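Visitor: dropping the sequence and predicted coords here.
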Amino acid sequence: MEMILELARRRWPLLVAVPLMLLVIMPTPVPSILVDEVRQAETASQAGDIESALEHMDALILLQPQQQGYKLTAARLALLLDQPSRTRNYLVQLSDRFKRTDEAICLADRASLRLMENPPSGWPGLIERCPAAGPDAEWYADQLLEDAGYRHLPDLLSILHDAGLTSGIWGVKEAFVQAAIEPTVSLPALRKIIGNDSSHAGLALELLDTIEREADRSEPAYVYALIGQVFARSGEWQFAALAFEKAVEIEPEYIEAQTYLGFVLEQLGLDGEAKLQQAVDVAPDAALPHVFLAGHYSQREDYQTAIQEMETASKIEPDNPAIIAELGSLYAENGEFEAAVSAFQEATRLAAGDARFWLLFAQFSLNHEYHIEEYGIPASRNAVVLSGDDPAALDALGYGHLLHGDLLLAERLILQAARRDPGRAQTLYHLGLLRIHQGDAQAGLAAFRAAEQLDPDSPAGELSRRGAETLIR
């Protein structure tokens with residue numbers, strides 16, 4: 001919205017200057033007070049002061065209420081100030097003939113959209129007859145979607161399609177909604193995205209492959225669940241929810257789909273507990289509902305209940321290293337470090353050749369600075385060997401040696417990790433800590449700033465911000 005207003009502000013002086021200039025050069029006599037208001041409005045416009053210019057337009061309207069152009073100009077300015085109600089007030093003052101002009105109708109439509117109302121002239125063909133309403137319609141859609149939720153996304157996109165807003169991100173969203181609720185219908189649109197939209201091509205290609213591979217040979221509910229998983233892996237929770245709902249609608253006792261739906265609702269900031277509990281009640285011997293229910297309680301920092309659910313899941317699938325490792329993380333969050341160690345040791349025993357579980361074990365030890373020499377460094381070393389020098393594993397091993405006091409080895413490993421993945425904020429945070437321990441505060445500050453800029457919302461970004469603030473005090 002701010003970008004839209006900024007683009008509009010760059011053009012508004014011209015919109016104001018033209019009618020004012022025409023007034024000044026009119027051959028008819030003009031009262032001096034009117035000329036003064038015109039000149040002040042022009043001065044304000046040149047200075048970029050929209051509010052002041054609008055105040056002078058109000059004065060001009062009072063002096064010459066019969067001049068309809070003043071009211072249209074004032075309506076435009078009010079809209080630039082994001083004051084749609086004020087825009088509407090100016091439009092109401094127009095004569096009937098001017099109210100029927102394309103410009104007045106367009107301004108009325110745009111004001112209504114800013115007020116979260118339907119455009120007075122209707123949705124069909126809106127963008128064609130009022131191109132300037134495009135950004136306003138996008139803003140309206142964003143706000144409505146945020147308030148109304150994902151279930152209204154198909155209806156909203158249908159409205160925007162009728163309005164003519166089918167390009168850019170809304171065209172992509174329309175294709176993804178089709179993929180979630182009418183998979184085979186979406187294929188042409190998905191191919192178009194693959195050819196034209198590089199930022200969404202990967203997801204569109206994965207959807208296309210899934211639909212073409214499974215649509216004719218698998219049960220519909222299963223196809224929808226697969227599509228939901230594709231969206232979930234990409235963090236596209238709204239479309240994932242639509243797909244999982246379709247799967248559950250077709251097959252109400254489809255426990256996996258019901259469980260994933262509850263999980264996705266949680267990611268949307270909604271309460272998915274009822275869906276998850278329903279899945280547990282229907283299939284108490286299935287591990288997945290207990291796993292996601294544990295995640296639900298963990299997000300609410302109810303670690304005791306989360307541990308109970310995850311322990312239940314681990315009893316159902318005792319040989320699943322992912323469940324055991326998640327249980328270890330929950331024990332750690334609850335301060336039960338010895339239980340966490342036992343869980344991570346069991347997970348690495350079950351999947352001894354999988355670097356991911358060794359890395360999780362290492363990160364637990366390093367993050368809590370718990371028996372680093374006994375657990376953190378050996379687990380990190382195993383992760384490096386098994387992963388073939390994965391940057392995250394190299395960083396963990398380097399950080400372990402930093403905590404252990406071996407700065408030379410820590411530097412070699414952390415720099416190697418940074419070279420392999422220069423965009424990893426956590427590695428740069430550790431590099432900042434290393435430089436500070438080496439006595440180079442300036443280099444440490446630079447590393448913190450880089451980590452914060454790369455991923456400001458991550459734990460590493462937040463820690464880097466705090467570290468930078470401490471250094472510059």
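Guide: Done, it's in.

Visitor: how near is A240 to H296?
Guide: To H296, A240 is 17 Å away according to C-beta to C-beta, to the nearest Å. The C-beta positions use only the backbone N, C-alpha and C, and glycine is treated the same way.

Visitor: same thing with L77?
Guide: Taking C-beta to C-beta, one finds L77 at 50 Å from H296.

Visitor: of these two, give the one with the bigger neighbour count.
Guide: More neighbours surround L77 than the other of L77 and H296, with 27 against 22 (other C-beta atoms under 10 Å).

Visitor: quick check, that one in contact with M57.
Guide: Yes: contact criterion C-beta atoms under 8 Å: L77 and M57 qualify, at 6.4 Å.

Visitor: which residue comes closest to P124 once chain neighbours are left out?
Guide: Leaving aside its sequence neighbours, P124 sits nearest to D162 (C-beta to C-beta, 6 or more residues apart in numbering; 4.8 Å).

Visitor: against which helices or strands is the strand or helix carrying the one you found packed?
Guide: Per DSSP states H and E: D162 is located in helix 153-163. Packing contacts for helix 153-163, counted by 3 or more C-beta pairs under 8 Å, 6 or more residues apart in numbering; DSSP states H and E, involve helix 126-129, helix 133-148, helix 168-181, helix 237-250.

Visitor: go through these and pick out the most buried.
Guide: Of these, the one with the most neighbours on average (mean count of other C-beta atoms under 10 Å) is helix 237-250, at a mean of 24.

Visitor: can you name the next helix or strand after that helix?
Guide: Following helix 237-250 in sequence order, the next helix or strand is helix 255-267 (DSSP H and E).

Visitor: what's in contact with that next one?
Guide: Outside helix 255-267, the residues that touch it by C-beta atoms under 8 Å, 6 or more residues apart in numbering are 221, 224-225, 228-229, 232, 235, 237, 240-241, 244-245, 247-248, 251-252, 271-276, 278-279, 282-283, 286, 288-289, 292-293, 295-296, 299.

Visitor: just the CA atoms of it, as PDB, please.
Guide: Backbone C-alpha positions of helix 255-267 (Å, rounded to 0.1, in the frame of the first residue of the first chain) are rendered in PDB as follows:
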ATOM      1  CA  ILE A 255      -6.700 -39.700   9.000                       C
ATOM      2  CA  GLU A 256      -3.600 -38.400   7.400                       C
ATOM      3  CA  ALA A 257      -5.500 -35.700   5.500                       C
ATOM      4  CA  GLN A 258      -7.400 -34.700   8.600                       C
ATOM      5  CA  THR A 259      -4.100 -34.500  10.600                       C
ATOM      6  CA  TYR A 260      -2.400 -32.400   8.000                       C
ATOM      7  CA  LEU A 261      -5.400 -30.100   7.800                       C
ATOM      8  CA  GLY A 262      -5.100 -29.500  11.500                       C
ATOM      9  CA  PHE A 263      -1.400 -28.800  11.200                       C
ATOM     10  CA  VAL A 264      -1.900 -26.400   8.300                       C
ATOM     11  CA  LEU A 265      -4.600 -24.500  10.200                       C
ATOM     12  CA  GLU A 266      -2.100 -24.000  13.000                       C
ATOM     13  CA  GLN A 267       0.300 -22.500  10.500                       C
END
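
Visitor: can I get whatever helix or strand comes next after that helix as CSV, trimmed to CA atoms?
Guide: Moving toward the C-terminus from helix 255-267, the next helix or strand (DSSP H and E) is helix 273-282. Taking C-alpha atoms only, helix 273-282 is exported to CSV below (Å, rounded to 0.1, in the frame of the first residue of the first chain):
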residue,chain,number,x,y,z
GLU,A,273,-6.6,-28.6,17.8
ALA,A,274,-10.1,-29.9,17.1
LYS,A,275,-9.1,-31.4,13.8
LEU,A,276,-6.0,-33.0,15.4
GLN,A,277,-8.0,-34.3,18.3
GLN,A,278,-10.6,-35.7,16.0
ALA,A,279,-7.9,-37.6,14.1
VAL,A,280,-6.6,-39.0,17.4
ASP,A,281,-10.1,-40.1,18.5
VAL,A,282,-10.8,-41.8,15.2
